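K.L.:
Quick one: sequence and predicted model below, then my questions.
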Amino acid sequence: MSIQTVSTTPFNDQNPGTSGLRKTIAVFKQPHYLENFVQSIFDSVGDIRGKTLVLGGDGRYFNSTAIQIILKMAAANGVGKIMVGQDGILSTPAVSCIIRKYKTFGGIILSASHNPGGPDGDFGIKYNVGNGGPAPEKVTNAIFSRSKSIKEYKIVNAPDVNLGRQGTTEMNGMTIEVIDPVTDYAELMQSLFDFGAIRKMFAEGFTLRFDAMHAVCGPYATRIMEGMLGAPKGTVVNNIPLEDFGGHHPDPNPVNAKELMDFMHGPNAADMGAATDGDGDRNMIVGRHIAVTPSDSLAIMAANASLIPGYSKGIVGVARSMPTSTAADKVAAALNVPCYETPTGWKFFGDLLDDNKITLCGEESYGTSSNHIREKDGIWAILFWLNLLAVTKKPVADIVKDHWKKYGRNYYSRHDYVNIDSKRAEELMEHLREQLDSLSGKRFATCVIDRADEFSYTDPVDGSVSQRQGIRIFFTDGSRIVFRLSGTGTVGATVRVYFDRYEKDLLDMEMQTALGELIDIAETVAKIAFYTGMKEPSVVT
Ligand code: VG1
Ligand code: CO
């Protein structure tokens, strides 16, 4: 077995975005592309010699090829041990759990998350640090900067490792341990939730439809829901991870999980519906004939946390990403705990969790989690809701509506303009930026702009500053419109426009109608149709 040092030249586009490096398969398959980025990680995250790393992915196309390359590069770079999921499978939350449980140095996750997969789809790679969370910006910046000057990478000349069987092998002095992807994660879930109460609820006839969208959660959900909790066989649908996710877009929102939405609004609807994304960190919760918005889900969890064994002492604080609705803020105020507002992306919650400033956090993009790991966690959120239903014995719809009665309702929607010209998208943002000082006091039909700004964030723990995190327009009644550009896309640019309107008493309006005036104002102020060339958003969630 020999170590090869391979000469290479830098690519200039290996800048990790909101959540790791994401590119089309065509880009990733360029010679040395993956190797350059992996070597840049090894060169930037500290001394990895003799250390342990976790490695796994969501099973999408190119997952197995990439894992074999990374194992050989890790062995050549002196890594001590790699814990890799059987068949190369590990969900994002499972990686976070395993890093923390075994106190490993870090981990590498192969996934483009909610982006489509397959030979024509996307691939991605992200590095997580020793707290189990996504590498913070200072680390991702260092990786990017290294990738621009890289001259060579190291790889051992060795046969592929059989990842189909659990057990331990050696490669150039590095230990490779193939582990069960589910066990550690399932144990953690069992320590947080009342599995007995949920099992009893299933035994009494409660029905769940869990759509794993042919992505990584299939094996996790099948073992936990159908195995440990006794849900009937067939509760988990689309439960086999496929390289192309069955041709679907593994993004659990009402548009992409249409099959589940139709089922839950049909005559045979289950008591609860749920879906998870490519790498298992996102979740969607659906009741009979009602979808729970992710922003509401976070607020409802915060309001009811003390009913769940893992959070019975209550919460110390909550955090939400800036565009997420302010529903959680109202709960935090009532509980008299702080509510933090962070830029989009899970990496910004890490410091708050490590410093014990918050217990729960979430994003409008179908992500919620807690201090149990340092990633968002799809199955965790679904178990939280199941536990809540088991304790309260109320249907999903009642829990949501009772919450609105108590705290008021945030009508909330996100409009995405996908795959537009990057230059035009920048121009749209620039056009908004130029207006920031002149918007205050502007009156529309019934809405008056209070103020407008561009969100910048100072991490309350380490003081690091992140600028240009989205343009916000605030109205005098507390409503908001937020504009930002996506940092996870792989083709062109995506403009996201977020609408948030708070109502204390009018609780039963149709969503897009309730937001109609704000939607019109966004067009007037931002000239969306002009800059994007689109009359309608590509996706409304
Ligand atoms: C999107 C979401 C963001 C989320 C990120 C990663 O980022 O808006 O809330 O954290 O995806 O989610 P952006 O920059 O495209 O808006 V996942 O499940 O794809 O890792
Ligand atoms: Co994801």
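P.N.:
Perfect, I can see it now. Predicted, not measured: the structure shown is a model, and the values here were computed from it. Ligands and ions are numbered 1, 2, ... in the order given.
K.L.:
Hmm, R414 is touching T541, no?
P.N.:
Yes: using C-beta atoms under 8 Å, R414 is in contact with T541, at 5.2 Å. In short, each C-beta sits where N, CA and C put it, glycine included.
K.L.:
looking at it, T276 is touching K376, isn't it?
P.N.:
No: if you go by C-beta under 8 Å, T276 and K376 don't touch, sitting 10.4 Å apart.
K.L.:
Can I get stretch 196-208 as CSV, trimmed to CA atoms?
P.N.:
Coordinates of the C-alpha atoms in stretch 196-208 are reproduced here as CSV (Å, rounded to 0.1, in the frame of the first residue of the first chain):
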residue,chain,number,x,y,z
GLY,A,196,-43.9,3.9,26.1
ALA,A,197,-46.6,6.5,25.6
ILE,A,198,-46.1,6.7,21.9
ARG,A,199,-46.2,2.9,21.6
LYS,A,200,-49.4,2.8,23.6
MET,A,201,-50.9,5.4,21.3
PHE,A,202,-50.1,3.3,18.2
ALA,A,203,-51.4,0.2,19.9
GLU,A,204,-54.7,2.0,20.4
GLY,A,205,-55.0,2.6,16.7
PHE,A,206,-53.3,5.9,16.1
THR,A,207,-52.2,6.2,12.5
LEU,A,208,-49.1,7.9,11.0
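K.L.:
returning to that earlier point: intersection of neighbour lists for T276 and K376?
P.N.:
Residues touching both T276 and K376 (C-beta atoms under 8 Å, 6 or more residues apart in numbering): R282.
K.L.:
which one of these two has more residues nearby?
P.N.:
Neighbours per residue (other C-beta atoms under 10 Å) separate T276 from K376, with T276 holding more: 33 against 28.
K.L.:
ok, now how distant is the nearest residue to that one once chain neighbours are set aside from N336?
P.N.:
Using C-beta to C-beta, 6 or more residues apart in numbering and skipping the chain neighbours, the partner closest in space to T276 is G378 (3.6 Å). To N336, G378 is 30 Å away according to C-beta to C-beta, to the nearest Å.
K.L.:
Specify which residue of the two has the higher count of neighbours.
P.N.:
Set G378 next to N336 and count neighbours by other C-beta under 10 Å: G378 wins out with 33 against 6.
K.L.:
Report the closest residue of the chain relative to ligand 2.
P.N.:
The nearest approach of the chain to ligand 2 comes at S113, 3.2 Å away (C-beta to the ion).
K.L.:
now that residue, what's its secondary structure?
P.N.:
What DSSP: H, G, I helix; E, B strand; the rest coil gives for S113 is coil.
K.L.:
Burial check on it, number of neighbours?
P.N.:
26.
K.L.:
wait, it sits on D281?
P.N.:
Yes: with contact defined as C-beta under 8 Å, S113 reaches D281; the gap is 7.0 Å.
K.L.:
Common neighbours of these two, please.
P.N.:
Common contacts of S113 and D281 (C-beta under 8 Å, 6+ apart): T92.
K.L.:
need the contact list for the residue nearest to T276.
P.N.:
91, 93, 217, 252, 276-277, 280-283.
K.L.:
Need these in TSV (columns: pLDDT).
P.N.:
Converted to TSV, these look like this (pLDDT from 0 to 100):
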residue	pLDDT
S91	98
P93	98
C217	97
P252	95
T276	97
D277	96
G280	97
D281	97
R282	97
N283	98
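K.L.:
Quick check: residues of the stretch 251-400 of the chain near ligand 2?
P.N.:
277, 279, 281-282 (C-beta under 5 Å from the ion).
K.L.:
swap in the chain?
P.N.:
By C-beta under 5 Å from the ion, the residues of the chain that approach ligand 2 are 113, 277, 279, 281-282.
K.L.:
Just give me the closest of these to ligand 1.
P.N.:
The closest of the residues of the chain next to ligand 2 to ligand 1 turns out to be S113 (C-beta to the nearest ligand atom; 2.9 Å).
K.L.:
Now do the contacts for that closest one.
P.N.:
19, 22, 58, 92, 124, 277-279, 281-282, 488.
K.L.:
quick revisit: could you export the residues of the chain next to ligand 2 as a markdown table, including distance to ligand 1 and secondary structure?
P.N.:
Shown next, in a markdown table, are the residues of the chain next to ligand 2 (distance: C-beta to the nearest ligand atom, whole Å; DSSP: H, G, I helix; E, B strand; the rest coil):
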| residue | distance to ligand 1 | secondary structure |
| --- | --- | --- |
| S113 | 3 | coil |
| D277 | 5 | coil |
| D279 | 6 | coil |
| D281 | 5 | coil |
| R282 | 5 | coil |
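K.L.:
Closest to I382 out of these?
P.N.:
Closest approach to I382 among the residues of the chain next to ligand 2 (C-beta to C-beta): R282, at 10.8 Å.
K.L.:
Please name the residues that touch the closest residue to that closest one other than its chain neighbours.
P.N.:
For R282, ignoring the flanking residues on the chain, the nearest one in space by C-beta to C-beta, 6+ apart is Y366 at 4.2 Å. Neighbour list for Y366: 251-253, 277, 282-284, 294 [criterion: C-beta under 8 Å, 6+ apart].
K.L.:
Give me the subset of these lying in helices.
P.N.:
Using DSSP state H, the subset of the contacts of Y366 located in helices is P294.
K.L.:
Which of the contacts of Y366 are buried, as a PyMOL select command?
P.N.:
In PyMOL syntax, the buried subset of those is picked out as below (16 or more other C-beta atoms under 10 Å):
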select buried, resi 251+252+253+277+282+283+284+294
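K.L.:
Name the next helix or strand downstream of the host helix or strand of A303, please.
P.N.:
Assessed by DSSP states H and E, A303 sits inside helix 294-304. Next helix or strand after helix 294-304 toward the C-terminus (DSSP H and E): strand 318-321.
K.L.:
circling back: how much space between the residue nearest to R282 and R468?
P.N.:
24 Å.
K.L.:
residues from the stretch 101-250 of the chain in reach of ligand 1?
P.N.:
Residues of the stretch 101-250 of the chain found near ligand 1 (C-beta under 6 Å from any ligand atom) are 113-114.
K.L.:
what ranges do the strands span in the stretch 101-250 of the chain?
P.N.:
With DSSP state E, counting those that start in this stretch as the criterion, the stretch 101-250 of the chain has strands at 106-110, 122-128, 152-157, 167-171, 174-179, 208-211, 236-237.
K.L.:
Out of those, which gets nearest to R320?
P.N.:
strand 122-128 (21.5 Å).
K.L.:
now the angle from the closest one to strand 106-110?
P.N.:
Angle, strand 122-128 to strand 106-110, by axes from the mean of the first three to the mean of the last three C-alpha atoms, to 10 degrees: 170 degrees.
K.L.:
which other helices and strands contact strand 122-128?
P.N.:
Here strand 122-128 touches strand 21-24, helix 25-28, helix 33-44, helix 92-101, strand 106-110, helix 137-147, going by 3 or more C-beta pairs under 8 Å, 6 or more residues apart in numbering; DSSP states H and E.
K.L.:
what's the most buried one of these?
P.N.:
Ranked by mean neighbour count, the helices and strands packed on strand 122-128 are led by helix 92-101 with a mean of 27 (mean count of other C-beta atoms under 10 Å).
K.L.:
That one versus strand 122-128: what angle between them?
P.N.:
20 degrees.
K.L.:
near ligand 1, anything from stretch 394-413?
P.N.:
No: using C-beta under 6 Å from any ligand atom, we find that stretch 394-413 stays clear of ligand 1, coming within 13.6 Å at best.
K.L.:
could I have that stretch exported to PDB, CA atoms only?
P.N.:
Taking C-alpha atoms only, stretch 394-413 is exported to PDB below (Å, rounded to 0.1, in the frame of the first residue of the first chain):
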ATOM      1  CA  LYS A 394     -55.500  16.100  21.000                       C
ATOM      2  CA  PRO A 395     -55.400  16.000  17.200                       C
ATOM      3  CA  VAL A 396     -52.800  18.000  15.400                       C
ATOM      4  CA  ALA A 397     -55.400  20.600  14.200                       C
ATOM      5  CA  ASP A 398     -56.500  21.300  17.800                       C
ATOM      6  CA  ILE A 399     -53.000  21.800  19.000                       C
ATOM      7  CA  VAL A 400     -52.300  24.300  16.200                       C
ATOM      8  CA  LYS A 401     -55.600  26.100  16.600                       C
ATOM      9  CA  ASP A 402     -55.400  26.300  20.400                       C
ATOM     10  CA  HIS A 403     -51.900  27.700  20.000                       C
ATOM     11  CA  TRP A 404     -53.200  30.500  17.700                       C
ATOM     12  CA  LYS A 405     -56.000  31.300  20.100                       C
ATOM     13  CA  LYS A 406     -53.500  31.800  22.900                       C
ATOM     14  CA  TYR A 407     -50.700  33.500  21.100                       C
ATOM     15  CA  GLY A 408     -52.200  34.800  17.800                       C
ATOM     16  CA  ARG A 409     -51.400  33.600  14.400                       C
ATOM     17  CA  ASN A 410     -48.500  34.400  12.100                       C
ATOM     18  CA  TYR A 411     -49.600  34.000   8.500                       C
ATOM     19  CA  TYR A 412     -46.400  33.000   6.800                       C
ATOM     20  CA  SER A 413     -45.300  32.000   3.300                       C
END
